[in-house]
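In: Just to be clear, the model below is a prediction. Sequence and coordinates:
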Amino acid sequence: MITVSGARKSYGDFTALDDVSLEIPPGSLTALLGPSGSGKSTLLRAIAGLETLDSGRVAIAGVDVTGLPPQKRGIGFVFQHYAAFKHMTVRDNVAFGLTIRRKPKAQVRAKVDELLEIVGLEGFQHRYPSQLSGGQRQRMALARALAVDPEVLLLDEPFGALDAKVRADLRRWLRRLHDEVHVTTVLVTHDQEEALDVADRIAVLNKGGIEQVGNPVDLYDRPANDFVMSFLGSVARLGGLLVRPHDIELSRDRAAAVAADRSVPGSPGVIDAVVERVVRLGFEVRVELRAHTGERFAAQLTRAEADALALRPGDEVHARARQTQDVLEVDPALAI
Ligand SMILES: Nc1ncnc2c1ncn2[C@@H]1O[C@H](COP(=O)(O)OP(=O)(O)OP(=O)(O)O)[C@@H](O)[C@H]1O
């Protein structure tokens, strides 16, 4: 368990963390998710001991570590740009933390072999970091962070510098790694897809505070407010309410749409609109619409639904929300 209580941190008159309290359960993979500047890295660095809090406390596994330096906190840390020892092989880089702790050679060898296998770098142990791809280098960094059996693993946008495909592969790999080693892991990311894909818990940060903490399904389906809703996925405005694009149903028959809408409590009603564009995205189809009031919004349909409607630009349709438990009042102060 990592417990952060009442954490405050300011840089000059800028408040980076504003009374943040958070509990991270043991063995979980928790993502700190939020826009740039929301305080994610500051919070992670405070847990690591790389940043001193103005006030508040950090405890790791029941021990108050607030006054302890990073090397005494039982943490492993991986940054976006990993600073490897360039003159050392992969094997020596991974062994580094154990070697400086003067562990017996046989023990170091066995541990490094195990880690290289876990991160899939067995065949690369004699290479130098410059001879690895970006993704391999980050896997080496993870092996190195895990070598000293940390209580917690702290990852600050570890795949941020890699291209989208490698990023997606590595986060799936991280999920499998976590299922194998179960070390309490905190991952900083600004990418909601990454957080939803890899984490079992997500803390959403905004302006130095925590908006909501929960599992990915809860946050996506039951966002606490419109910031969380819009940050965790695309949203459309329908009659002044926020709706997920895949929760919008389109119909060519207005009377049928109105009849169906009666069974949806709290519905924004049926919105008459004109199709502007139909975009095929793999198995889904995005229909871009303009309401008669002038508001633009998009509905996400399955291919079968879209084919049944055979929509073309200029067609008149009637939109309604399929369900409204996810629909929240629009906060006019929030620019989406
Ligand atoms: N050493 C510093 N001196 C002054 N301001 C800082 C310092 N470190 C961070 N900040 C400011 O604190 C705020 C929070 O920074 P932080 O790095 O925690 O955000 P973040 O959510 O991780 O954002 P990003 O995704 O862009 O890294 C930012 O506005 C940043 O400019």
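Out: It's in. Numbering: from 1, shown residues only.
In: Helices of the stretch 151-300 of the chain, residue ranges please.
Out: Taking DSSP state H, counting those that start in this stretch as the criterion, the stretch 151-300 of the chain carries its helices at 164-181, 192-198, 216-221, 226-231, 254-261.
In: gap between the first one and the chain center?
Out: If I follow you right, that is helix 164-181. From the chain centre to the centre of helix 164-181 is a distance of 13 Å (CA atoms, centre = their mean, to the nearest Å).
In: what does the second one give?
Out: For helix 192-198, the distance between its averaged C-alpha position and the chain's averaged C-alpha position is 4 Å (CA atoms, centre = their mean).
In: Does the ligand have contacts with it?
Out: No - using CB under 6 Å from any ligand atom, helix 192-198 never reaches the ligand; the gap is at least 12.2 Å. All C-beta atoms are positioned from the backbone trio N, CA, C, and that covers glycine.
In: hmm, back to that, now the helices of the stretch 151-300 of the chain as CSV including distance to A143, mean neighbour count and mean pLDDT?
Out: What follows is these, written out as CSV (distance: least, CB to CB, whole Å; neighbours: other CB atoms under 10 Å; pLDDT from 0 to 100):
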stretch, distance to A143, mean neighbour count, mean pLDDT
helix 164-181, 10, 16, 85
helix 192-198, 18, 20, 91
helix 216-221, 27, 17, 87
helix 226-231, 32, 21, 88
helix 254-261, 55, 15, 87
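In: Can you tell me the closest non-neighbouring residue to the spatially most central residue of the chain?
Out: With the centre of the chain defined as its mean C-alpha position, the nearest residue by CA atoms, centre = their mean is A195, 2.2 Å away. The shortest distance from A195 to any residue that is not its chain neighbour, by CB to CB, 6 or more residues apart in numbering, is 3.9 Å, and that residue is A31.
In: picking up where we left off before, dump the helices of the stretch 151-300 of the chain to CSV, plus distance to S133.
Out: Converted to CSV, the helices of the stretch 151-300 of the chain look like this (distance: least, CB to CB, whole Å):
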stretch, distance to S133
helix 164-181, 8
helix 192-198, 19
helix 216-221, 29
helix 226-231, 31
helix 254-261, 52
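In: who wins for proximity to G6 among these?
Out: helix 226-231 (22.1 Å; CB to CB).
In: who does that closest one touch, helix- and strand-wise?
Out: Using 3 or more CB pairs under 8 Å, 6 or more residues apart in numbering; DSSP states H and E as the contact definition, the elements that helix 226-231 packs against are strand 201-206, strand 209-214, strand 241-243, strand 328-329.
In: Give the rounded mean pLDDT of the first one.
Out: The one in question is strand 201-206. For strand 201-206, mean pLDDT rounds to 96.
In: what packs against that strand?
Out: Using 3+ CB pairs under 8 Å, 6+ apart as the contact criterion, the elements in contact with strand 201-206 are strand 29-33, strand 209-214, helix 216-221, helix 226-231.
In: Including distance to G12, could these go into a markdown table?
Out: Supplementary listing: those in a markdown table, determined by distance: least, CB to CB, whole Å:
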| stretch | distance to G12 |
| --- | --- |
| strand 29-33 | 23 |
| strand 209-214 | 19 |
| helix 216-221 | 32 |
| helix 226-231 | 25 |
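In: Could you point out which of those sits nearest the ligand?
Out: Relative to the ligand, the nearest member of the helices and strands packed on strand 201-206 by CB to the nearest ligand atom is strand 29-33, separated by 7.9 Å.
In: and the helix or strand just after the closest one, C-alpha only, in PDB?
Out: Moving toward the C-terminus from strand 29-33, the next helix or strand (DSSP states H and E) is helix 40-48. Below are the C-alpha coordinates for helix 40-48, written out as PDB (Å, rounded to 0.1, in the frame of the first residue of the first chain):
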ATOM      1  CA  LYS A  40       1.000  13.700 -12.100                       C
ATOM      2  CA  SER A  41       4.800  13.700 -12.300                       C
ATOM      3  CA  THR A  42       5.100  15.900  -9.200                       C
ATOM      4  CA  LEU A  43       2.900  13.300  -7.300                       C
ATOM      5  CA  LEU A  44       5.000  10.400  -8.600                       C
ATOM      6  CA  ARG A  45       8.300  12.200  -7.800                       C
ATOM      7  CA  ALA A  46       7.000  12.900  -4.300                       C
ATOM      8  CA  ILE A  47       6.200   9.200  -3.800                       C
ATOM      9  CA  ALA A  48       9.800   8.500  -5.000                       C
END
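In: what's helix 40-48 packed up against?
Out: Helices and strands touching helix 40-48, as assessed by 3+ CB pairs under 8 Å, 6+ apart, comprise strand 2-11, strand 14-24, strand 29-33, strand 55-60, strand 75-78, strand 152-156, strand 184-189.
In: What lies in contact with it?
Out: Counting by CB atoms under 8 Å, 6 or more residues apart in numbering, helix 40-48 makes contact with 2, 4, 7, 9, 16-17, 20, 22, 32-34, 51-53, 56, 58, 60, 70, 73, 75, 77, 152, 154, 156, 186, 188-190, 205, all of which sit outside it.
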